[in-house]
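> Got a sequence here, can you model it:
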Amino acid sequence: MGVVGNIPNLWPENISVEYTITPKAILSRQAMVITEKTKEHVQGRVETKVLGRDFTHSLSLVAPKLDNFTQFVLRLRHSIEHTYPVYVFLSENSDTSKECADEEALYALIRAQLGSELILHMVQSLIAQSDIV
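Here you go, the predicted model:
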């Protein structure tokens, strides 16, 4: 058994794997859906970065047939230790965010951004231009 087998497990018993719907999972699902809905003319892309003690997840639209034109949609930021609150940035270069205290608030804010005129017109324009290329 060796020396390692004699060393006790010191971790608490209440550590378990909990399956929660994370902000990244929510964005990844939206990326998958827009890719399917547009028959891949417009693809969703989620990029994750670690900045200090925070995760950031950015959702963008990509048009592969248009030289991979990329349009920012939104960015989420939350701490590594806690999933909520999540801070939502609706402008690519802005430091202004909206706080979502829980999953339902995050769904509502993402739904509003994805349904905004700006995003809808962008998707429709990218599809139309991709069809003629």
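
> helices and strands around the one helix or strand Leu27 maps to, which ones?
Leu27 is located in helix 23-37, with elements delineated by DSSP states H and E. Contacts defined by 3 or more Cβ pairs under 8 Å, 6 or more residues apart in numbering; DSSP states H and E place helix 23-37 against strand 43-51, strand 54-63, strand 69-79, helix 103-114. Heads up, the C-betas are built off the backbone N, CA and C, glycines and all.

> Of the ones you listed, which is nearest Ile26?
For Ile26, the closest of those is helix 103-114, at 6.5 Å, according to Cβ to Cβ.

> List the buried residues for that closest one?
Neighbour-count burial for helix 103-114, counted by 16 or more other Cβ atoms under 10 Å, picks out 103, 105-106, 109-110, 113-114.

> For the spatially most central residue of the chain, which residues are in contact?
Most central in the chain under Cα atoms, centre = their mean is Leu27, positioned 3.3 Å from the mean C-alpha point. For Leu27, the contact set (Cβ atoms under 8 Å, 6 or more residues apart in numbering) comprises 46, 57, 59, 76, 110.

> Let's see that with 7 Å instead.
Going by Cβ atoms under 7 Å, 6 or more residues apart in numbering, Leu27 touches 46, 57, 59, 76.

> Most neighbours among those residues, which one?
Taking other Cβ atoms under 10 Å as the neighbour criterion, Leu76 ranks highest of these with 26 neighbours.

> confidence score at it?
Note for Leu76: predicted pLDDT of 98.

> Show me what it is bridged to.
Beta-bridge partners recorded for Leu76 (DSSP bridges): His57, Val88.

> just use 57 as the starting number from now, easier for me
New numbering, starting at 57: the last item is Leu132.

> which residues touch it?
Residues in contact with Leu132 (Cβ under 7 Å, 6+ apart) are 79, 83, 112-113, 142, 144.

> if we compare the helices and strands packed on helix 79-93, which one ends up closest to Ala184?
The minimum distance between Ala184 and the helices and strands packed on helix 79-93 falls on strand 110-119, with 10.5 Å, by Cβ to Cβ.

> Same question for that closest one: list its buried residues.
For strand 110-119, the neighbour count (16+ other Cβ under 10 Å) marks 111-119 as buried.
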